[in-house]
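Visitor: Could you work out the structure for the sequence below:
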Amino acid sequence: MNKTAFQHGNAGRMRIHVLPTKRFKTFAISLYTGIPLAEDTVTATALTPFVLRRGTESYPETRQFREQLEQMYGAGFGFDVYKRGNYQMVQFRMDTINDSFVKSEGSLLEASFAFLGEVVTRPALEDGHFRSGYVTAEKENVRKKLDAIVNDKIRYASERCIEEMCRNEPYRLHPLGQRKDLEGITPESLYGAYKHWLETASMDLYVVGDTTLEEVAGLVNKHFSLDAASNDVSYKQETSVRKADEVRTVVEKMEVSQGKLNLGLRTSITYADEQYAAVLMYNGILGGYPHSKLFMNVREKASLAYYASSRYDGHKGIGTIQSGIEVQNYEKALEIIKKQLEEMRAGNITELEMSQTKAMIRNLLLEIDDSAFEMIAYDFNRQFSGKDRPRAELLQQVEAIRIEDVKAAAATFELDTIYFLKGQKEE
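Guide: Got it, this is the predicted structure:
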């Protein structure tokens, strides 16, 4: 673990991070772009990569775009839109075979940079703005994705709990934007929003493969048409955590056959905190794994839930609990879930729970070495949070955690919001 480390530098306004290695037969390339979550930009920013993937200056037709990837020995290209802390992230990825394994006329790494650079900075245009047909089609695509969240009641309940819990914070916004804003977006307005995004986004480009920091810097300067940043594009972390004044209960009715009971909690501990390892243990024991208290006590022993688990967002400092229950079991289920929170606060944790959770976290950390993109994702935590936390160090910290440390971490979690989704006919 950590036998090699990322090398860091800059190419113009872009930060670059390179892990030179011959371990993999491919080049893994990942470009992270982030801007603060905001009501007036979230929908246009979410729509932008969907339009960018339709065509570029050299490959304006979507068919040409895809054929170029095939010409690069079936290079993989994709993107994700998500949120991290109070930032909206658009992440582009490419996976290209190393030249030494094929008979390529030119450098496939350079071809990948030429392709990605054009996707991001030289899109297909008409009359000085995005192609109307592409914008219309991708607006509908994003609309369907937002509708799919409503149709997936587990996801919907999870999102609604966060929305209610963070109702006065940017984090309430869904990274795919708001359905109501899609209609008003035009090819002209989206292109203007894209230009602003390109000028202001924080950008980190990662490469894992048989290359060097110097080579990557040269390729970025050659193939990415980026103006100098107009502002400070480093990520800024929250300095204060809003405490829960009193627990809010929100009940919503929809056409559902099964109730969704979600809880939102706040903690002062984030990824950069010294207690981070203890919170990983806390979440794992509470509801992160199949041996957890929520799974064993709410689902298995009491048979009150179809599913019961917990999550922890270390970049925001919140925890969530998700469960699916029969509507008539609401009070019983809520009582037993709260009981598990009390057990954690009291330090009523067994050595078996400790050892099983440490084993799960250990395996996850060790498995990162098997995937270039997982190695990239882990290092980006450092870049985003400002905290350098080598995996070997984190593993050592986890192994050293005692029950008392988990109890201390549990004391920082405060219940903020209870969200319950039930059927329209239920009383």
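
Visitor: Contact partners for residue 157?
Guide: Contacts here follow CB atoms under 8 Å, 6 or more residues apart in numbering; on that basis residue 157 touches 260, 262, 322, 419, 421. C-beta coordinates here come from the backbone N, C-alpha and C atoms, glycine included.

Visitor: Quick one: buried ones out of the residues you listed?
Guide: Neighbour-count burial (16 or more other CB atoms under 10 Å) is assigned, among the contacts of residue 157, to 260, 262, 322, 419, 421.

Visitor: Backbone torsions only: list them for the residue nearest in space to the middle of the chain.
Guide: Closest to where the C-alpha atoms of the chain average out (CA atoms, centre = their mean) is residue 82, at 5.0 Å. Recorded main-chain torsions at residue 82 are phi -150, psi 180, according to degrees, to the nearest 10.

Visitor: quick one: contacts for it?
Guide: In this structure, residue 82 makes contact with 88, 89, 91, 175, judged by CB under 8 Å, 6+ apart.

Visitor: Ramachandran coordinates for the residue nearest to the last one when sequence neighbours are not counted?
Guide: It stands for residue 175. In space, residue 175 comes closest to residue 83 once its chain neighbours are excluded; the distance is 4.4 Å by CB to CB, 6 or more residues apart in numbering. Backbone geometry at residue 83, expressed as degrees, to the nearest 10, gives phi -120, psi 150.

Visitor: Which residues are in contact with residue 83?
Guide: Listed by CB under 8 Å, 6+ apart, the contact set of residue 83 reads 37, 89, 171, 173, 174, 175.

Visitor: and which of these is nearest to residue 348?
Guide: Distances from residue 348 to these, taken as CB to CB, are shortest for residue 171 (31.5 Å).

Visitor: where along the chain do the strands fall?
Guide: Counting by DSSP state E, one finds strands in the chain at the ranges 7-11, 14-20, 26-36, 76-84, 87-97, 125-126, 129-130, 202-209, 248-254, 259-266, 307-313, 318-325, 414-423.

Visitor: Now render the ones you listed as a markdown table, adding mean pLDDT.
Guide: Formatted as a markdown table, the entries for these read as follows, by pLDDT from 0 to 100:
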| stretch | mean pLDDT |
| --- | --- |
| strand 7-11 | 95 |
| strand 14-20 | 96 |
| strand 26-36 | 97 |
| strand 76-84 | 97 |
| strand 87-97 | 97 |
| strand 125-126 | 96 |
| strand 129-130 | 98 |
| strand 202-209 | 97 |
| strand 248-254 | 95 |
| strand 259-266 | 96 |
| strand 307-313 | 95 |
| strand 318-325 | 95 |
| strand 414-423 | 95 |
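
Visitor: These into JSON lines, with extra columns for distance to residue 144?
Guide: Written out in JSON lines, the entries for the strands of the chain read as follows (distance: least, CB to CB, whole Å):
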{"stretch": "strand 7-11", "distance to residue 144": "37"}
{"stretch": "strand 14-20", "distance to residue 144": "33"}
{"stretch": "strand 26-36", "distance to residue 144": "24"}
{"stretch": "strand 76-84", "distance to residue 144": "14"}
{"stretch": "strand 87-97", "distance to residue 144": "19"}
{"stretch": "strand 125-126", "distance to residue 144": "24"}
{"stretch": "strand 129-130", "distance to residue 144": "19"}
{"stretch": "strand 202-209", "distance to residue 144": "29"}
{"stretch": "strand 248-254", "distance to residue 144": "19"}
{"stretch": "strand 259-266", "distance to residue 144": "22"}
{"stretch": "strand 307-313", "distance to residue 144": "26"}
{"stretch": "strand 318-325", "distance to residue 144": "24"}
{"stretch": "strand 414-423", "distance to residue 144": "22"}
